[in-house]
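Undergrad: Predicted structure and sequence below. I'll ask about it afterward.
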Amino acid sequence: MAVAPHHLASQAALAILRNGGNAIEAMVAAASTIAVVYPHMNSIGGDGFWLIAKPNGETIAIDACGAAAKAISTETYTSRGLKSIPFRGPLAANTVAGTISGWELALKISAEMGGKQSLNNLLADAIHYASSGFPVTESQSALTLAKLGELRDVAGFAEVFLPGGAVPATGSNFTNPKLALTLRTLAEDGLGSFYRGPLADKIAADLAAAGSLVGIDDLHAHRAELKQPLQVAHSAGTLFNTAPPTQGLVSLAILGLLDRAGLASVQADSADHVHLTVEATKLAFGLRDRFITDPAHMQVDPQSLLASEALDSLARKIDINHAAPWGAGKGPGDTIWMGVCDADGLAVSFIQSIYHEFGSGIVLPSTGINWQNRGASFSLDPNHLCALLPGKKPFHTLNPAAARLHDGRVMVYGNMGGDGQPQSQAAVFTRHVVFGQTLQTAVSAPRWLLGRTWGESSDSLKLESRFSLETVQALRARGHEVDVLGAYDSAFGHAGAIVRHPGGTLEGASDPRSDGVVAAF
């Protein structure tokens with residue numbers, strides 16, 4: 001079974017599974033395909049993170065995050081009179097794109113487990129869609145139009161994303177021939193050629209020509225890293241997520257806090273459910289903003305923050321009747337989450353992103369690669385936790401989730417959307433595991449978001465209009481500043497999940513807010 005926010009990615013994964021491939025191999029097929037057909041949300045010029053739940057009970061993580069260029073510094077920006085890192089253009093393209101290295105490391109793990117699929121097979125669908133085309137989604141067309149003022153004049157953007165000089169219409173055929181050639185090169189020369197060899201030289205030359213400071217030495221130095229995931233003990237089982245520089249700690253802390261705050265005694269999707277989750281979110285964001293950065297620069301072991309004693313102490317701060325004050329979030333982000341589980345029980349939770357829609361906006365002319373702007377999350381304040389330094393990894397809102405439950409179920413789940421990722425993870429997990437809703441109900445049901453959405457300055461609590469007026473009023477009565485957004489608004493992200501039941505049955509859910517589907521056989 002595979003789930004992705006674009007149906008062609010789900011089907012690419014399914015084709016590999018039908019051909020005898022495992023879940024890791026299927027995920028590489030999905031990752032390459034969605035990088036082509038959902039270009040406003042992700043790219044091979046972005047970063048990625050993996051959680052791999054093996055059938056033997058071991059759970060591992062891959063950190064495929066690129067670091068800041070070695071030639072960059074705060075003076076790069078302050079000398080130009082800038083007080084913050086811009087979100088678009090060459091100065092936003094300040095970190096290495098790591099996701100391809102994650103595919104490479106994941107496939108090494110796959111080979112150790114008997115995986116035998118060739119790169120030509122795994123990248124075939126992505127190459128086909130980049131070369132022959134795919135129908136433009138409504139969200140790609142709408143976001144291109146919405147962000148046109150920011151992106152039109154960025155190097156390479158118009159040549160690829162404004163075919164014929166116009167915003168592509170929904171349903172029109174869209175191609176990226178240069179990206180197709182790049183994918184063919186990766187299939188023939190190996191995924192490492194993105195960082196070392198003639199392809200890497202082209203990438204570095206194009207970045208330099210565009211004005212980025214990411215150079216060939218930065219590409220040469222980059223490697224994905226195999227990591228131990230963070231975990232938290234929950235009354236239902238053991239929950240997993242990725243370690244810093246991601247906010248996986250936040251997602252685990254929210255669920256650990258809710259397990260202690262009496263969530264199981266309230267009604268699903270009630271004002272109590274939303275209120276308790278929002279209050280847990282505020283406390284978890286406090287941990288994030290105090291501690292999470294590049295792990296090489298952290299002063300505390302993030303796993304220690306998830307110890308029972310630490311969560312017990314935090315949970316006592318939650319007041320069922322009153323909303324606590326809070327500061328501001330990190331804001332939204334464009335991303336994709338995908339899940340795959342194979343017949344042997346190998347399950348993968350994966351996330352890939354370019355940060356803002358279309359990332360920095362830079363498209364490299366020789367390769368068709370749209371480069372991320374993840375480094376815009378750095379601060380130019382040298383005393384800030386996430387201060388910009390050469391070779392430092394940026395903070396990531398990305399965090400793919402997994403769980404091994406006491407009853408034998410294995411669950412992979414996730415969402416896109418910056419601050420919304422851990423909140424939607426909490427909604428899906430608690431609805432399914434704590435309250436017993438079917439997985440699709442848990443994903444489709446109305447959601448909430450504490451923090452900003454795109455184009456908004458308010459860090460209020462946003463609720464879908466499908467919540468009752470009574471629920472909205474009850475939350476306002478507890479002190480929440482509530483704004484109501486439309487039903488199935490994509491501001492609440494694109495969630496998804498797969499659960500493998502003890503007998504081997506697979507249950508999947510795709511988000512109606514996305515263009516995705518569950519594909520299975």
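TA: It's in. Numbers count the residues shown, from 1 in each chain.

Undergrad: and the nearest residue to Y195 once chain neighbours are set aside, how far is that from F350?
TA: Nearest non-adjacent residue to Y195, counting by Cβ to Cβ, 6 or more residues apart in numbering: L219, 4.5 Å away. Glycine gets a C-beta too; all of them are placed from N, C-alpha and C. Going from L219 to F350 by Cβ to Cβ, to the nearest Å gives 22 Å.

Undergrad: Show me where the stretch 101-250 of the chain has its strands.
TA: 134-135, 173-174, 225-227, 230-234, 237-241 (DSSP state E, counting those that start in this stretch).

Undergrad: deepest of those, which one?
TA: strand 237-241 (a mean of 23; mean count of other Cβ atoms under 10 Å).

Undergrad: quick check: angle from it to strand 230-234?
TA: Relative orientation of strand 237-241 versus strand 230-234 (axes from the mean of the first three to the mean of the last three Cα atoms, to 10 degrees): 150 degrees.

Undergrad: Strand 237-241 pairs with which strands?
TA: Neighbouring strands of strand 237-241 in its sheet, by DSSP bridges, are strand 230-234 (antiparallel), strand 401-405 (antiparallel).

Undergrad: For E25, which of those strands is the nearest?
TA: Among the strands paired with strand 237-241, strand 401-405 comes nearest to E25, with 18.3 Å by Cβ to Cβ.

Undergrad: Other residues contacting that closest one?
TA: The contact list for strand 401-405, computed with Cβ atoms under 8 Å, 6 or more residues apart in numbering, reads 51, 53, 57, 59, 229, 234, 236-241, 248, 251, 347, 349, 409-414, 425, 429, 433.

Undergrad: So which of the residues you listed are in helices?
TA: Among the contacts of strand 401-405, the members found in helices (DSSP state H) are 248, 251, 425, 429.

Undergrad: would you turn those residues into TSV with pLDDT?
TA: Compiled in TSV, the ones in helices among the contacts of strand 401-405 are given as follows (pLDDT from 0 to 100):
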residue	pLDDT
G248	97
S251	97
Q425	97
F429	98
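
Undergrad: Nearest to I336 among those?
TA: Closest to I336 out of these is Q425 (14.8 Å), distances taken as Cβ to Cβ.

Undergrad: The closest one - how many residues pack around it?
TA: Q425 has 28 neighbours, counted by other Cβ atoms under 10 Å.

Undergrad: what's near enough to touch it?
TA: Applying Cβ under 8 Å, 6+ apart to Q425 gives the contacts 251, 254-255, 399, 401, 413-415, 495.

Undergrad: With distance to H322 and neighbour count added, can I get the residues you listed in a markdown table?
TA: Conversion of the contacts of Q425 to a markdown table gives the following (distance: Cβ to Cβ, whole Å; neighbours: other Cβ atoms under 10 Å):
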| residue | distance to H322 | neighbour count |
| --- | --- | --- |
| S251 | 24 | 31 |
| I254 | 19 | 27 |
| L255 | 22 | 28 |
| N399 | 29 | 27 |
| A401 | 29 | 30 |
| Y413 | 30 | 28 |
| G414 | 31 | 32 |
| N415 | 28 | 33 |
| A495 | 29 | 30 |
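
Undergrad: In JSON lines: those residues, plus distance to G286.
TA: Output for the contacts of Q425, formatted as JSON lines (distance: Cβ to Cβ, whole Å):
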{"residue": "S251", "distance to G286": "14"}
{"residue": "I254", "distance to G286": "12"}
{"residue": "L255", "distance to G286": "16"}
{"residue": "N399", "distance to G286": "17"}
{"residue": "A401", "distance to G286": "20"}
{"residue": "Y413", "distance to G286": "24"}
{"residue": "G414", "distance to G286": "23"}
{"residue": "N415", "distance to G286": "21"}
{"residue": "A495", "distance to G286": "24"}
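
Undergrad: Okay, and which of these map to strands?
TA: 401, 413-414 (DSSP state E).

Undergrad: By residue count, tell me the biggest helix in the chain.
TA: Longest helix of the chain, by residue count under DSSP H: helix 271-291.

Undergrad: and H406, how many neighbours does it have?
TA: H406, neighbours per other Cβ under 10 Å, totals 10.

Undergrad: What pLDDT is listed against it?
TA: Turning to H406, the model gives it a pLDDT of 98.

Undergrad: What distance do you get for the nearest residue to it once chain neighbours are set aside to V499?
TA: Here the nearest residue to H406 in space, its sequence neighbours aside, is G237; by Cβ to Cβ, 6+ apart that works out to 4.8 Å. Between G237 and V499 the distance is 12 Å, computed by Cβ to Cβ.

Undergrad: what touches both of the two?
TA: With Cβ under 8 Å, 6+ apart as the test, G237 and V499 both reach R409.

Undergrad: in the longest helix of the chain, what counts as buried?
TA: Buried residues in helix 271-291, defined by neighbour count with 16 or more other Cβ atoms under 10 Å: 271-289, 291.

Undergrad: Please work out which residues outside the next helix or strand after that helix touch it.
TA: The first helix or strand that comes after helix 271-291 along the chain, using DSSP states H and E, is helix 308-315. Helix 308-315 has contacts (Cβ under 8 Å, 6+ apart) with 232-233, 253, 256-257, 260-261, 280, 283, 304.

Undergrad: T185: neighbour count?
TA: 17.

Undergrad: Which pLDDT value belongs to it?
TA: T185 is given a pLDDT of 98.

Undergrad: Give me the neighbour count for S43.
TA: There are 26 residues near S43, going by other Cβ under 10 Å.

Undergrad: That one touches T367, doesn't it?
TA: No - between S43 and T367 there is no contact under Cβ atoms under 8 Å: 11.0 Å.

Undergrad: so how far is the lowest-mean-pLDDT helix or strand in the chain off the chain centroid?
TA: Ranked by mean pLDDT, DSSP states H and E, the weakest helix or strand in the chain is strand 334-341, scoring a mean of 92. Here the centre of strand 334-341 is set off from its chain's centre by 7 Å, with Cα atoms, centre = their mean, to the nearest Å.

Undergrad: which one of the ones in helices among the contacts of strand 401-405 sits closest to D125?
TA: For the ones in helices among the contacts of strand 401-405, the minimum distance to D125 (Cβ to Cβ) is 28.0 Å, reached by Q425.

Undergrad: ok, so what distance separates that closest one from N415?
TA: Here Q425 is placed at a distance of 6 Å from N415 (Cβ to Cβ).

Undergrad: Tell me the residues that contact both of those two, please.
TA: In contact with both Q425 and N415: A495, using Cβ under 8 Å, 6+ apart.

Undergrad: if we can go back for a sec, let me know the closest of the contacts of Q425 to A71.
TA: The closest of those, once distances to A71 are taken by Cβ to Cβ, is N399, at 29.5 Å.

Undergrad: right, and the closest one touches V250 too?
TA: Yes - in this structure N399 lies within contact range of V250 using Cβ under 8 Å: 7.4 Å.

Undergrad: which neighbours do those two share?
TA: Contact criterion Cβ under 8 Å, 6+ apart; residues shared by N399 and V250: P422.

Undergrad: for the stretch 251-400 of the chain, which spans come out with low pLDDT?
TA: Scanning the stretch 251-400 of the chain for pLDDT under 70 picks out 328-334.

Undergrad: for K317, what are its contacts?
TA: By Cβ under 8 Å, 6+ apart, the neighbours of K317 are 283, 324.

Undergrad: And for the one 10 residues further on?
TA: By Cβ under 8 Å, 6+ apart, the contact set of G327 is 289, 459.

Undergrad: can you pull out the strands in the stretch 351-500 of the chain?
TA: 401-405, 410-414, 448-450, 461-464, 482-485, 496-500.

Undergrad: What is the neighbour count of H128?
TA: For H128, the neighbour count with other Cβ under 10 Å is 17.

Undergrad: ditto for G211
TA: Other residues lying near G211 total 12 when counted by other Cβ under 10 Å.

Undergrad: Mind putting the strands of the stretch 101-250 of the chain into CSV with mean pLDDT and distance to N120?
TA: Converted to CSV, those look like this (pLDDT from 0 to 100; distance: least, Cβ to Cβ, whole Å):
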stretch, mean pLDDT, distance to N120
strand 134-135, 98, 20
strand 173-174, 98, 23
strand 225-227, 98, 26
strand 230-234, 98, 36
strand 237-241, 98, 32
